[in-house]
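Undergrad: no sequence on this one, just coordinates:
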């Protein structure tokens, strides 16, 4: 088993995926008496791993303008997880829900990662991504968050605005934050099938919007059936 470099689909990848699935399930099944403890742990973990990512990336020996800034969707979702868990406001929870179920899973399936377990960045990468499903499960199970059409409209506006802003920054710098720039991802991903830059940005926005709608539908159908009853 190779511990120096990360290979998608390898045993190391599968173990990391299973870990990111099992731990949120354990939190989802936790008893009522453990809610306060898990709430603090999850919020703290989101914040600590976000700071660790920042410190690692901003180290003078590793800092690169096209890599180190916390502008990817998962970077923001990780930080938003802290706010979503601690705050009663709906917008952070909505961002976490729609991004967590539609955009961030690609980071687990096709991670933009080259370092293996022998390197610190491997562990930081997976820990801060683990915090996304952790905080998402928390808001759904223990805070009973349920998305609505209003939430969908808000997140569509925010996501389109953020994506287009990133696209403008990437255009003038040659960066690839949010994968909406002219740069190339470290690993092959489904985005490669969306055509060349910049037309793929439009496809990403349209497909992402469709996935947002699909993520909302499971919560609307039970409401419809309850009204009929």
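TA: Yes, it's here. Note that this is a predicted model, so its numbers are computed, not measured.

Undergrad: What is the least confident helix or strand in the chain by mean pLDDT packed up against?
TA: Least confident element among the helices and strands of the chain, by mean pLDDT, DSSP states H and E: helix 199-228 (a mean of 85). The helices and strands touching helix 199-228, judged by 3 or more CB pairs under 8 Å, 6 or more residues apart in numbering; DSSP states H and E, are helix 90-102, helix 149-173. All C-beta spots, glycine's among them, are computed from the backbone N, C-alpha and C.

Undergrad: State the mean pLDDT of stretch 9-21.
TA: Computed over stretch 9-21, the mean pLDDT rounds to 94.

Undergrad: oh sorry, the question was meant for stretch 127-135
TA: Rounded mean pLDDT across stretch 127-135 is 94.

Undergrad: Pull out the buried positions in the least confident helix or strand of the chain.
TA: 200, 201, 204, 205, 208, 209, 212, 215, 216 (16 or more other CB atoms under 10 Å).

Undergrad: which one among these gets closest to residue 149?
TA: residue 216 (7.2 Å; CB to CB).

Undergrad: low pLDDT regions in the protein?
TA: 1, 31-34, 186-187, 222-229 (pLDDT under 70).

Undergrad: that older thread, please render the buried residues of helix 199-228 as TSV that adds distance to residue 77 to the earlier fields.
TA: Shown next, in TSV, are the buried residues of helix 199-228 (distance: CB to CB, whole Å):
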residue	distance to residue 77
200	21
201	20
204	16
205	17
208	14
209	17
212	14
215	14
216	18
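
Undergrad: Next, the angle helix 149-173 makes with the least confident helix or strand of the chain.
TA: Here helix 199-228 points in a direction 170 degrees away from that of helix 149-173 (axes from the mean of the first three to the mean of the last three CA atoms, to 10 degrees).

Undergrad: Report the distance from helix 199-228 to the chain centre.
TA: Centroid separation for helix 199-228 versus its chain: 17 Å, with CA atoms, centre = their mean, to the nearest Å.

Undergrad: Pretty sure residue 30 sits in a strand.
TA: No: counting by DSSP: H, G, I helix; E, B strand; the rest coil, residue 30 is not part of a strand but coil.

Undergrad: Check the gap between it and residue 179 for me.
TA: 34 Å (CB to CB, to the nearest Å).

Undergrad: Between the two, which is the more surrounded one?
TA: residue 179 (23 against 16; other CB atoms under 10 Å).
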